[in-house]
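Q: here is my input; please provide its structure:
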Amino acid sequence: MEKIIEKIDKYELINHIIPGSIFLLFLNFYYDYKIIELGAFYFILLSYSVGIIIGRLGSLIFGKLIFKKLKINGGREYKRYIAACKKDEKINVLITSKNMYRNFSISFLLMIIFILIKYITPKVHFNKEIIIVVGILLLIILFVYSTIHIGNYIDERIDIATNKKSKKTKE
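A: Residues are numbered from 1 along each chain as shown. Have a look, this model is predicted:
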């Protein structure tokens, strides 16, 4: 277990495991789930998985929908970002912090949503299977979108590394 923890990247710890753990602890106490009783390995694995979902939701909701629409935070050409990171290593540290704040924000928003769901559920009858299927479909859409997004990101990095003109680069 200690060897696994030693190999965990700082980014993974800050942006996936910690927000996932906090959210799972919330579920554990608010819904009286027995998540903690799974044992340390399974709790960390589940925290990481939930943290990835939280990170993707945060990226989509805050990064793509809210911040971009309001023209807050970002908007620099990716080519300039790459060049700046080579000159200033602090940029990556700051981006890790920014992503951590985004992930905590979405975690707290999800907590509010889950509290509202617990409040509304007794008043309205929901079919449990339909809720699960809808949830899984939303996760599929989220991760397909993320796959396409990261593929575009990789293509752009390849274009920059090989000095090709990127489709997204404005020059």
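Q: rest of the way, CA atoms for contacts and neighbours
A: Noted.
Q: now do the domain split for the protein, please.
A: In terms of domains, the chain is parsed into 2-124, 125-165 (source: automatic domain parsing).
Q: in JSON lines: the ones you listed, plus mean pLDDT.
A: Formatted as JSON lines, these follow (pLDDT from 0 to 100):
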{"stretch": "domain 2-124", "mean pLDDT": "83"}
{"stretch": "domain 125-165", "mean pLDDT": "85"}
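Q: can you give me the helices in this structure?
A: Assigned by DSSP state H, the helices in the chain fall at 2-7, 10-12, 18-30, 40-58, 68-69, 78-87, 90-120, 128-161.
Q: let's have those helices in a markdown table, adding mean neighbour count.
A: Formatted as a markdown table, those follow (neighbours: other CA atoms under 10 Å):
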| stretch | mean neighbour count |
| --- | --- |
| helix 2-7 | 8 |
| helix 10-12 | 14 |
| helix 18-30 | 19 |
| helix 40-58 | 19 |
| helix 68-69 | 12 |
| helix 78-87 | 13 |
| helix 90-120 | 16 |
| helix 128-161 | 13 |
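Q: mind listing what the most centrally placed residue in the chain touches?
A: Closest residue to the average C-alpha location of the chain: G55 at 0.5 Å, with CA atoms, centre = their mean. Residues near G55 by CA atoms under 8 Å, 6 or more residues apart in numbering: 15-16, 99, 102-103.
Q: determine which two of these are furthest apart.
A: Farthest pair in the contacts of G55 (CA to CA) is H16 and R102. Separation: 11.4 Å.
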